[in-house]
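Trainee: predicted model, plus sequence, below.
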Amino acid sequence: MSFDCRKNNLTSSIKPNMTQDELKTLVGQAALHYVEPGSIVGVGTGSTVNKFIDALATMKDRIAGAVSSSVASTERLHALGIKVFDATEVDELAVYIDGADEIDHAGHMIKGGGAALTREKIVAAQSRQFVCIADESKLVQTLGNFAVPVEVIPMAEKRIARQFAALGGTATLRLKEGAPLVTDNGQHILDVTGLKISDPLAFESQVNQWPGVVTVGVFAFQKASVCLLGTSGGVKTLVF
């Protein structure tokens, strides 16, 4: 991993004691540097990505459109006048821009706090470059402080929870308004706490082989190649 701490044209926007929301805005704007004119952009999901979508709207006439990883992002893109393509209409994307719940110093991530992990991983796999946008609180030495989301087929969720218990983790069914949250794919999510993921590649491989798992929210095979990290001193560029 290398660090590029050079200032950019957003330096003038830096001010002391920036809020997390302001840092998200900063990295969302910085991500525009990775958008190729005339291209179709892969767009993720979440509060930081919403800042990127807002920034992307300022150059919507210079791109062909976007491929979105969730219904929520699609709705936001449409509302801002950005054309959205189905992933099946596009062979390859130059760049995918998304946030992370955690990212380590090798570019491995935990994602899925916004419940879109499966589609996020699909669009990431379709892209030549993954640019992660996050604030500095998301950078960790070892993944696992944030609960690991796992999208599961409902009939398998109790057995999968027992398999995580055997690894020392506690799996909790994610609820929304008192009922199981249903993903855009019609499935449920288990949030797993109590794990320290020292080998993200091995962990992702292991869990993805369990029957009933749709996707585990560890992004090791589809890791970030670049992370734009919002800090009180500006945007740091981490290259993995």
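Mentor: That came through, no problem.
Trainee: ends of stretch 176-189, what's the gap?
Mentor: Stretch 176-189 has its terminal residues 11 Å apart, counting by CA to CA, to the nearest Å.
Trainee: do the same with stretch 94-109
Mentor: 20 Å.
Trainee: cool, and stretch 40-59?
Mentor: Using CA to CA, the end-to-end distance of stretch 40-59 comes to 12 Å.
Trainee: now it: mean pLDDT?
Mentor: Summarised as a single mean, pLDDT over stretch 40-59 is 97.
Trainee: helices of this protein, start to end?
Mentor: Along the chain, the stretches classed as helices by DSSP state H are 20-30, 47-56, 71-79, 117-125, 157-166, 200-208.
Trainee: and those: which comes nearest residue 97?
Mentor: Residue 97 sits nearest to helix 47-56 of all the helices of the chain, at 5.6 Å, using CB to CB. To be clear about C-beta, it is placed using only N, CA and C from the backbone, and glycine gets the same treatment.
Trainee: just to revisit the earlier point, looking at the helices of the chain, which has the lowest confidence?
Mentor: Mean pLDDT across the helices of the chain is lowest at helix 20-30; the value there is a mean of 93.
Trainee: so which other helices or strands are in contact with it?
Mentor: Judged by 3 or more CB pairs under 8 Å, 6 or more residues apart in numbering; DSSP states H and E, helix 20-30 is in contact with helix 47-56, strand 130-135, strand 226-231, strand 234-239.
Trainee: by how many degrees do that helix and strand 234-239 diverge?
Mentor: Angle, helix 20-30 to strand 234-239, by axes from the mean of the first three to the mean of the last three CA atoms, to 10 degrees: 60 degrees.
Trainee: what angle separates helix 20-30 from strand 130-135?
Mentor: Computed with the same axes, to 10 degrees, the direction of helix 20-30 lies at 150 degrees from that of strand 130-135.
Trainee: so for helix 20-30, what gets flagged as buried?
Mentor: With burial defined by 16 or more other CB atoms under 10 Å, the residues of helix 20-30 counted as buried are 22, 23, 24, 25, 26, 27, 28, 29, 30.
Trainee: quick one: which of those is nearest residue 129?
Mentor: residue 30 (14.7 Å).
Trainee: wait, isn't that closest one in contact with residue 235?
Mentor: Yes: taking contact to mean CB atoms under 8 Å, the distance of 4.6 Å between residue 30 and residue 235 places them in contact.
Trainee: care to break this structure down by domain?
Mentor: Annotated domains of the chain cover 2-141+221-239, 148-215 [automatic domain parsing].
Trainee: name the stretch among those domains that sits most buried.
Mentor: Per-stretch averages of neighbours, counted by mean count of other CB atoms under 10 Å, single out domain 2-141+221-239 among the domains of the chain, with a mean of 19.
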